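*Asks:* Below are the sequence and a predicted model; questions follow.
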Amino acid sequence: MMKIKEKGKQIIVPKVGDIVKGKVIAKEKAAVFLDLGILGTGIIYGKEFYEARNELKNVNIGDLISAKVIDSDNEDGYVDLSLNKAQKEIAWSQISERKENKEIFTVRILGANKGGLMTRVLGITAFIPVSQLSSEHYPKVEGGDTQKILRHLQKFVGKDLQVRVLDFNPKEESLILSEKLIEIEEIKKELEKYKVGDIVEVEVTGIADFGVFVKILNKEGKDIEGLIHISELSWQLINSPADVVRIGEKLKAKIVDITEEKVSLSIKALEEDPWKKIEKKYKVGDVVEGKVKKIDSFGALVEVAPKVQGLCHISEFGSFEKMEKVLKLEGVYKFKISQFEPNNHRMILEILEKEKEENKENTKEDNKTE
C-alpha cells in the first residue's frame, strides 16, 4: 500500500497487484461494488465480472470477499478489482504452504490420459503423472500397452485419492501432485525392518517385459512393493517373465538391494550358481559345443552347459545379417572360448572358421533350392 499526505492527513492508496478485502455494498447486472474502507470503493466489472460470474452469483450484500487490485484509480474514481486473479493468487499461496508443510489432502479425479490423472486443487488444474501413483494404483501392464494403461487409469475417474504437492509453477500454471510421496514415507519406515540378504515371501502383482512386480508379504505391517528384474528370475535364459511366473503366485526371494524406497529382489540368488560347476571344467582356448538360444543386435547367446550362456559377439560376423546367415536359433555349433571369467559369469566365444564356412555354404545351397 502507498501512503500519500493530503492537506495534513494520510490517504492510503492501494498498489496494483495488492490483495484487498471489502464488504459487498451493491450488486448490478454486470458489476459488484465493495466498500474498501479508507481505500475507497472497489468495483468488479467488465471482463473481470464475466470471468467470476459464477462465483459472484452466490455473493450477497454484506459478504466480505478478497479481490486483487488491477487499477488503483479508474476514470470513475473506483478501485478496479479482480476476484478471479485474487482467488488464483491466494490458491497458489495456499498450495505453496501445502508443499512446504508436506500436507496430505484429498482430490477428486476428473479425467485421465495415457500420462496420468487430472484433477483440480483450489480451482487450479492439477496433474498426477503415472510415475507418481502409488504401487497399488500404478498400471502394471505387460508390454506397456498404452491403451491398456489408459483403460486402467480411467477406472479412477470420479474417485478420491490422497496426494501431496510434488511441484508447482504459478507463471506456467503448472501443478504436479503425487500419491507416491505419501507411500514413500510409509515404505521408508517399513524398510527399516529389512536388510540386503534377507529371504522373504513375495506375491507377484504385475508382469512387465523387464521384470516382475512383487509385494513383500509383511504380517506385521504394510506390504512393500519390489521388483525382480528379468535377469534375476533364473540362471536360465528367459525371453519373457510371463513364461516363468504368474500374477498371484507366491514365491521366496532374496533382497539384493535397498535404495531409499526401492527394493530389488532375486529368485536366482536362492538357486545354486551353475557357473561354479564349470569353473574347473573349461579354460580359455577350449573348443565347446553350444546351442544358440538368442540372437540379438549385440550377438548370439549360446548355451554351453545347463543354465550357462556365453556370448558370441556380432563382431565375429561383421553384421547382423551375416550373423543370421551363419547361426540359427536352437542350432548347435562349435565355438572356441576366448574369455572365461566364471566369478563374473562371463564367457566370450569365437565361432570356428570351419563352422562359419560350412554354414555359409549350407545357406547358399538352401537359397539355390528355393
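*Replies:* It's in. Residues are numbered from 1 along each chain as shown.
*Asks:* what sits against the residue most central in space within the chain?
*Replies:* With distances taken as Cα atoms, centre = their mean, Ser131 lies nearest the centre of the chain, 1.8 Å away. Each residue near Ser131 by Cβ atoms under 8 Å, 6 or more residues apart in numbering is listed here: Gly116, Lys180. C-beta here means a position set from N, CA and C on the backbone, and glycine is covered the same way.
*Asks:* Doesn't it belong to a strand?
*Replies:* No - going by DSSP: H, G, I helix; E, B strand; the rest coil, the assignment for Ser131 is helix, not a strand.
*Asks:* Next, the buried residues of whichever strand or helix holds Val204.
*Replies:* Val204 is located in strand 199-208, with elements delineated by DSSP states H and E. For strand 199-208, the neighbour count (16 or more other Cβ atoms under 10 Å) marks Val200, Val202, Val204, Thr205, Gly206, Ile207, Ala208 as buried.
*Asks:* just stretch 16-33 next, same as before
*Replies:* Neighbour count says stretch 16-33 has Asp18, Ile19, Val20, Gly22, Val24, Val32, Phe33 buried, by 16+ other Cβ under 10 Å.
*Asks:* can you put those in JSON lines and add secondary structure, distance to Phe340 and pLDDT?
*Replies:* JSON lines is the format used below for those (DSSP: H, G, I helix; E, B strand; the rest coil; distance: Cβ to Cβ, whole Å; pLDDT from 0 to 100):
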{"residue": "Asp18", "secondary structure": "coil", "distance to Phe340": "77", "pLDDT": "86"}
{"residue": "Ile19", "secondary structure": "strand", "distance to Phe340": "74", "pLDDT": "87"}
{"residue": "Val20", "secondary structure": "strand", "distance to Phe340": "80", "pLDDT": "89"}
{"residue": "Gly22", "secondary structure": "strand", "distance to Phe340": "84", "pLDDT": "92"}
{"residue": "Val24", "secondary structure": "strand", "distance to Phe340": "86", "pLDDT": "92"}
{"residue": "Val32", "secondary structure": "strand", "distance to Phe340": "84", "pLDDT": "93"}
{"residue": "Phe33", "secondary structure": "strand", "distance to Phe340": "89", "pLDDT": "95"}
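*Asks:* Tell me the one of these nearest Asp223?
*Replies:* Distance to Asp223 across those (Cβ to Cβ) is lowest for Ile19, with 46.5 Å.
*Asks:* partner residues bridging that closest one?
*Replies:* Beta bridges link Ile19 to Lys68 when assigned by DSSP bridges.
*Asks:* Distance of it relative to Leu251?
*Replies:* 58 Å (Cβ to Cβ, to the nearest Å).
*Asks:* ok, now Ala67?
*Replies:* As for Ala67, its distance to Leu251 is 61 Å (criterion: Cβ to Cβ).
*Asks:* more crowded one of the two?
*Replies:* Taking other Cβ atoms under 10 Å, Ala67 and Leu251 do not tie; Ala67 has more neighbours (27 against 17).
*Asks:* I figured that one hits Asn84, correct?
*Replies:* No - if you go by Cβ atoms under 8 Å, Ala67 and Asn84 don't touch, sitting 9.0 Å apart.
*Asks:* Counting neighbours, what do you get for Val157?
*Replies:* 14.
*Asks:* And the average pLDDT for the strand holding Val204 is what?
*Replies:* Averaging pLDDT along strand 199-208 gives 92.
*Asks:* which other residues reach it?
*Replies:* By Cβ under 8 Å, 6+ apart, the residues outside strand 199-208 that reach it are 135, 138, 140-144, 194, 212-217, 225-226, 228, 241-242, 245-255, 265, 270.
*Asks:* how about a cut-off of 7 Å?
*Replies:* Strand 199-208 has contacts (Cβ atoms under 7 Å, 6 or more residues apart in numbering) with 140, 142, 212-217, 226, 241-242, 245-255, 265, 270.
*Asks:* got a list of what the closest residue to Ala300 other than its chain neighbours touches?
*Replies:* Distances taken as Cβ to Cβ, 6 or more residues apart in numbering place Cys312 nearest to Ala300, at 4.6 Å, with adjacent residues excluded. Contact analysis of Cys312 by Cβ under 7 Å, 6+ apart lists Gly299, Ala300, Val302, Phe335, Leu349, Ile351.
*Asks:* Tell me how far Thr41 lies from Lys23.
*Replies:* 11 Å.
*Asks:* what is in contact with those two at once?
*Replies:* Leu34, Asp35.
*Asks:* related to what we said a few turns ago, contacting residues around the following helix or strand past the strand holding Val204?
*Replies:* Moving toward the C-terminus from strand 199-208, the next helix or strand (DSSP H and E) is strand 211-216. Contacts to strand 211-216, defined as Cβ under 7 Å, 6+ apart, come from residues 140, 200, 202-206, 223-230, 233, 241, 245, 253, 263, 265.
*Asks:* And for stretch 338-358?
*Replies:* Counting by Cβ under 7 Å, 6+ apart, 275, 278-279, 282-284, 287, 290, 302, 304, 310-313, 316, 326, 333-337 sit against stretch 338-358.
*Asks:* ditto for stretch 180-195
*Replies:* With Cβ under 7 Å, 6+ apart as the criterion, stretch 180-195 contacts 104, 132-135, 162, 164, 166, 218, 221-222, 224, 255, 258, 261.
*Asks:* I appreciate the help and will end here.
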